[in-house]
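> Show me how the following folds:
(chains A, B, C and D)
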2 protein chains.
Amino acid sequence: MRIFEYNFFVKNQSLKEFKAGIFQALAHPTRVAIAEILRDGELSAGAILEQLGLEQANVSQHLAVMRAKGVVSNRKEGNQVFYSLRHPMLVDVLNIMRQYFLQQLSEASEMLQAIEVEEEHSPQV
Amino acid sequence: MRIFEYNFFVKNQSLKEFKAGIFQALAHPTRVAIAEILRDGELSAGAILEQLGLEQANVSQHLAVMRAKGVVSNRKEGNQVFYSLRHPMLVDVLNIMRQYFLQQLSEASEMLQAIEVEEEHSPQV
DNA sequence: AAATTATATTCGAAGATTCGCATATTTGCA
DNA sequence: TGCAAATATGCGAATCTTCGAATATAATTT
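Numbers count the residues shown, from 1 in each chain, chains lettered A, B, ... in the order given. Just a heads-up that it's a prediction; the model follows:
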């Protein structure tokens, strides 16, 4: 009985919340950018800020959102704070999405090219 | 020059927006649940509704969000509307997350067990 | 045509997010 | 001690999200 409850509630219910929480944490272009900047490892808030070229407070707020959802961990060292992705699998997730996106793009581009070639033979406009 | 702009804007800028849009579309437990229900293929809104056991209007609203973000396509057939995942890679994404979650869970559970065993030898409370 | 079934939309309230701006906190250094 | 650098937080306005309740639309059946 306890094992059943464990399986049902912990796994099935909160697994969805876990996923939704991560999606929420990344549901903003700036936060996707931050996750990608952290792809190769830990970086200070300042380094992230520099790569983004946005307002300091704004970046700090987005980092706070990601902290709150648990997708980054942070470590204070002297003057600065170093951030890293808490779930390395997110790198795989972002890669899958990038690969898929580029593939769709190239299919669309091939289609456009085909149309252009077709129009050279019998222009519509 | 046009190719440079294409690469920069289409790929680098809107790739982040593409990802963020998908994350936003799944940034709610109900919508994660819908995506998982659609894992094995097309289903009618009614069938989704039945599996979720939520209010009809609510499910329809969540489906509308997913439609707006482009993560599902819909096909009307007579009386009903059939939904499916537009990006099959999402199944992989969800699987990676599930696998990772379960692995974390089992690590945590092993850790708890180790603590329990330890406490049998030298109880703290 | 009227009733029924399947699905979507509208509305309004409650709450959450996002942003810029100003300010606080912490640490290191002169 | 006092100042500068790195980072976080508080505030208020604008916008977005979510929900239930009611209603609309469209196809099907009687």
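> who touches the spatially most central residue of chain A in this structure?
In chain A, the centroid-proximal residue (C-alpha atoms, centre = their mean) is A:Val32; its distance is 3.7 Å. Contacts for A:Val32 (C-beta atoms under 8 Å, 6 or more residues apart in numbering or on different chains) come out as A:26, A:94, B:16, B:19-20, B:23. Heads up, the C-betas are built off the backbone N, CA and C, glycines and all.
> let's go with 10 Å and repeat that
Counting by C-beta atoms under 10 Å, 6 or more residues apart in numbering or on different chains, A:Val32 touches A:25-26, A:94, A:97, B:15-23.
> got it, and A:Leu54?
Here A:Leu54 is in contact with A:30, A:33, A:48, A:62 (criterion: C-beta under 10 Å, 6+ apart).
> Narrow those to those in helices?
Counting by DSSP state H, the part of the contacts of A:Leu54 found in helices is A:30, A:33, A:48, A:62.
> Tell me which ones among those also neighbour chain B, please.
Checking the ones in helices among the contacts of A:Leu54 against chain B by C-beta under 10 Å from any C-beta of the partner chain, the ones in range are A:30, A:33.
> and which of the ones in helices among the contacts of A:Leu54 is nearest to A:Met111?
The nearest member of the ones in helices among the contacts of A:Leu54 to A:Met111, counting by C-beta to C-beta, is A:Ala33 at 29.1 Å.
> Excluding chain neighbours, what is closest to that closest one?
B:Lys16 (5.6 Å; C-beta to C-beta, 6 or more residues apart in numbering or on different chains).
> show me what contacts the one you found?
Neighbours of B:Lys16 in contact, by C-beta under 10 Å, 6+ apart: A:28-33, A:35-36, A:94, A:98.
> mind showing which ranges of chain A have poor pLDDT?
The model of chain A has pLDDT under 70 over residues A:1-13, A:118-119, A:121-125.
> report the longest helix in it, please.
helix A:89-121.
> mind listing what's buried in that helix?
Buried residues in helix A:89-121, counted by 16 or more other C-beta atoms under 10 Å in any protein chain shown: A:89-90, A:93-94, A:96-98, A:100-101, A:105.
> now swap in stretch A:14-23 and tell me
Result for stretch A:14-23 [16+ other C-beta under 10 Å]: buried residues A:15-16, A:18-23.
> Work out the gap between it and the centre of the chain.
Computed by C-alpha atoms, centre = their mean, to the nearest Å, the chain-centroid distance of stretch A:14-23 equals 14 Å.
> Please see if it touches DNA strand C.
No - Stretch A:14-23 lies out of reach of DNA strand C by C-beta under 7 Å from any atom of the strand, never closer than 9.6 Å.
> Looking at chain A, what residue ends up closest to DNA strand D?
Residue of chain A nearest DNA strand D, by C-beta to the nearest atom of the strand: A:Gly46 (2.4 Å).
> nearest spatial neighbour of that residue, skipping sequence neighbours?
Nearest non-adjacent residue to A:Gly46, counting by C-beta to C-beta, 6+ apart: A:Gln80, 6.2 Å away.
> Count the residues that sit near that neighbour.
Using other C-beta atoms under 10 Å in any protein chain shown, A:Gln80 has 12 neighbouring residues.
> next one: phi and psi at the residue of chain A found nearest DNA strand C?
Going by C-beta to the nearest atom of the strand, DNA strand C is nearest to A:Gly78 of chain A, at 2.9 Å. Main-chain dihedrals, A:Gly78, degrees, to the nearest 10: phi 60, psi -120.
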